[in-house]
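# here is a sequence with its predicted model. Questions after.
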Amino acid sequence: MELMSHSSAFLLPTIPPDHRPSLTYALVVLNQRLPRFTPLLWKHAHLHLCADGGANRVYDEMPLLFPHEDPSDVRSRYKPEVIKGDMDSVREDVLGFYANLGTEVVDESQDQDTTDLHKCIEYIRDFTSDIDKSNICILVAGALGGRFDHEIGNINVLCRFSSMRIILLSDDCLIHLLPRTHCHEIHIQPSVEGPHCGLVPIGMPSKSTTTTGLQWDLDNMEMSFGGLISTSNIVKEEKITVRSDSDLLWTISIKKQ
Ligand SMILES: Nc1ncnc2c1ncn2[C@@H]1O[C@H](COP(=O)(O)OP(=O)(O)OP(=O)(O)O)[C@@H](O)[C@H]1O
Ligand SMILES: Cc1ncc(C[n+]2csc(CCO)c2C)c(N)n1
């Protein structure tokens, strides 16, 4: 089975040049309070999208993260390339401001069956070549905490686009999928993440999951919702390995520095 490597190096000020896998990052900003490290994610990303009301957050809150700078300087520096959604949350003044700077606005108000995050992931999927697709990692800022229907909708996007690398982020933790098609190596960045972590089967029970590097490792164990899931686990080594017959969600805490 093919190996898939994961690392949260995007939370470091500079990504080590020899870092593997070498990925291209895209950032999607949602309509939730911006995580404090959003400027760092922005710097690492080559493409920046706002999901509908996410544009209000960039406009209103990016300047608050740079209290000593002129807000208009900050706003022109953090200009999204795309705003996409059903346009029921983004304010007219914000839309006008970014449209004037050249941001592409994609109005999908006719589609009331998919979320704004879903629409943004489709944009990235459809405008990325097949070669780039395997190299792209989508960071989603503001995806967790707040309204539970939104949170679970965001997690559902991980499952609907299970062949893409998508990482949901809040100030406190991150979540991504470990598809059952691969075995996984997770390279922990101890300066910025851990030690709390969890592994949760999603979609169907797991008959067999095996891990190394955790305080409570699983050895060919069954996991299911309503049965055993691994929460409040602790990373013990800098490399965690996971192999499962079911898709799993991996979550790890982000350190407050
Ligand atoms: N409280 C929240 N928790 C998690 N994600 C959120 C939250 N609020 C918004 N989002 C995310 O940001 C995206 C854009 O938010 P926005 O408020 O524009 O959505 P919306 O379509 O207006 O939702 P609704 O009509 O249900 O309020 C959503 O699709 C969702 O992914
Ligand atoms: C069964 C079902 N439940 C809820 C919605 C509503 N909905 C889901 S995504 C979305 C867009 C949010 O920007 C809206 C309004 C639906 N269409 N179908």
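Received it, and whenever you're ready, just let me know what you need. Ligands and ions are numbered 1, 2, ... in the order given.

# and the helix or strand where residue 98 lies, what's buried?
Assigned by DSSP states H and E, residue 98 belongs to helix 92-100. Of all the residues in helix 92-100, those buried under the rule 16 or more other C-beta atoms under 10 Å are 94, 95, 97, 98. (Glycine included, C-beta is placed from N, CA and C.)

# again, but for stretch 227-247
Residues 229, 230, 233, 235, 240, 241, 242, 243, 244, 246, 247 are the ones in stretch 227-247 that count as buried (16+ other C-beta under 10 Å).

# against residue 184, how distant is the closest residue to ligand 1 within the stretch 51-200 of the chain?
Taking C-beta to the nearest ligand atom as the measure, the stretch 51-200 of the chain has residue 146 as its residue closest to ligand 1, at 2.5 Å. Using C-beta to C-beta, to the nearest Å, we find residue 146 at a distance of 28 Å from residue 184.

# thinking again about what came up before, state the pLDDT value of the residue of the stretch 51-200 of the chain closest to ligand 1.
For residue 146, the pLDDT comes out at 88.

# same check on residue 42?
98.

# burial check on it, number of neighbours?
Using other C-beta atoms under 10 Å, residue 42 has 20 other residues around it.

# helix or strand for it, which one?
Under the criterion of DSSP H and E, residue 42 resides in helix 38-44.

# buried set for that helix?
Neighbour-count burial for helix 38-44 flags 38, 40, 41, 42, 44 (criterion: 16+ other C-beta under 10 Å).

# who touches that helix?
Residues outside helix 38-44 that contact it (C-beta atoms under 8 Å, 6 or more residues apart in numbering): 10-11, 13, 15, 25, 27, 29, 35, 48, 62, 65-66, 78, 139, 141, 169.

# walk me through which strands the host helix or strand of residue 28 pairs with, and which way each runs.
Assessed by DSSP H and E, residue 28 sits inside strand 24-29. In the sheet, strand 24-29 lines up against strand 45-51 (parallel), strand 136-141 (parallel) (DSSP bridges).

# just checking, what packs against the longest helix anywhere in the chain?
Among the segments of the chain that qualify as a helix by DSSP state H, the longest is helix 148-160. Packing partners of helix 148-160 (3 or more C-beta pairs under 8 Å, 6 or more residues apart in numbering; DSSP states H and E): helix 116-126, strand 165-169, strand 173-178.

# what angle sits between the first one and helix 148-160?
Put plainly, it is helix 116-126. 20 degrees (axes from the mean of the first three to the mean of the last three C-alpha atoms, to 10 degrees).

# does ligand 2 have contacts with the longest helix of the chain?
No. Using C-beta under 6 Å from any ligand atom, helix 148-160 never reaches ligand 2; the gap is at least 7.2 Å.

# since that was my last question, I'll sign off now.
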